[in-house]
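Asks: no FASTA, just this:
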């Protein structure tokens, strides 16, 4: 090899070893353990920001109707007006709470998303839970939706053949048979006052690997 080429080659090899094998990682060297960072978590006092306390006489504290109860983990965002929006919905009561901060949110009775009871399985639009709101600008809000297809209800659609569930009632334990899930995407363009699907069934983003079976006794 040309001696003039040997010097830069040796230099390059030396730089490589210095860069990728620091002194404390050289064979025979004593390794210095990396200290584990301390993790500190602080919890404030428990605050009730929504009290279901349904009363048929109309004296409920905050619930708007009998089915207005949280059925998912609460999630929050800040909209374009600086309001905190708290979502803890159920399929028949997709509502939200709003306020200046999480401690002062007030439950809102207008429904922001519909539960459609669509009997067409391939439309993925039966019982809808608005689950995971997400926004970049506080105006347009996207939300993943947990969709449950209930083959046993509404009973009127079952009687007319729009739905099928052939499992005997003695096996309809909780969780019931004839139950099938999917994940959809909904969108709001009015800062979360209303959410809609795209043209059905384009809103569907994920399904289970097992198809719906009206004869299967487990969901």
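Replies: Yep, it's here. It should be emphasised that the depicted structure is a prediction, and the values quoted were computed from it without experimental measurement. Numbers count the residues shown, from 1 in each chain.
Asks: for the chain, which helix or strand comes out least confident on mean pLDDT?
Replies: Every helix and strand in the chain was compared by mean pLDDT, DSSP states H and E; the lowest is helix 3-20, with a mean of 46.
Asks: so which helix or strand takes in residue 158?
Replies: Residue 158 belongs to helix 155-159 when assigned by DSSP states H and E.
Asks: which residues of the protein score low on pLDDT?
Replies: The chain contains residues with pLDDT under 70 at 1-30, 58, 172-175, 219.
Asks: can you do 50?
Replies: Counting by pLDDT under 50, the chain shows low-confidence ranges at 2-20, 24.
Asks: do a quick rundown of the strands in the chain.
Replies: Along the chain, counting by DSSP state E, strands occupy 75-78, 84-87, 96-99, 106-107, 127-135, 141-150, 179-188, 196-197, 204-207.
Asks: how about these in JSON lines, adding distance to residue 216 and mean neighbour count?
Replies: C-beta coordinates here come from the backbone N, C-alpha and C atoms, glycine included. Formatted as JSON lines, the strands of the chain follow (distance: least, C-beta to C-beta, whole Å; neighbours: other C-beta atoms under 10 Å):
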{"stretch": "strand 75-78", "distance to residue 216": "32", "mean neighbour count": "15"}
{"stretch": "strand 84-87", "distance to residue 216": "32", "mean neighbour count": "22"}
{"stretch": "strand 96-99", "distance to residue 216": "35", "mean neighbour count": "19"}
{"stretch": "strand 106-107", "distance to residue 216": "38", "mean neighbour count": "16"}
{"stretch": "strand 127-135", "distance to residue 216": "18", "mean neighbour count": "21"}
{"stretch": "strand 141-150", "distance to residue 216": "13", "mean neighbour count": "21"}
{"stretch": "strand 179-188", "distance to residue 216": "9", "mean neighbour count": "19"}
{"stretch": "strand 196-197", "distance to residue 216": "27", "mean neighbour count": "16"}
{"stretch": "strand 204-207", "distance to residue 216": "16", "mean neighbour count": "14"}
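Asks: how close does residue 124 get to residue 116?
Replies: From residue 124 across to residue 116, the span is 10 Å (C-beta to C-beta, to the nearest Å).
Asks: compare the two (neighbour count), which wins?
Replies: For residue 124 versus residue 116, the count of surrounding residues by other C-beta atoms under 10 Å is larger for residue 124: 25 against 15.
Asks: coming back round to it: of the strands of the chain, which is nearest residue 51?
Replies: Residue 51 lies closest to strand 106-107 among those, at 8.9 Å (C-beta to C-beta).
Asks: and the closest one, how far from the chain's centre?
Replies: Its chain's C-alpha centre and that of strand 106-107 lie 21 Å apart, by C-alpha atoms, centre = their mean, to the nearest Å.
Asks: going forward, begin numbering at 7 instead of 1
Replies: All set: I'll call the first residue 7, so the last point we hit is now strand 112-113.
Asks: give me the sheet partners of it and which way each runs.
Replies: Note on strand 112-113: by DSSP bridges, its sheet partners are strand 102-105 (antiparallel).
Asks: doesn't residue 111 make contact with residue 105?
Replies: Yes: using C-beta atoms under 8 Å, residue 105 is in contact with residue 111, at 3.7 Å.
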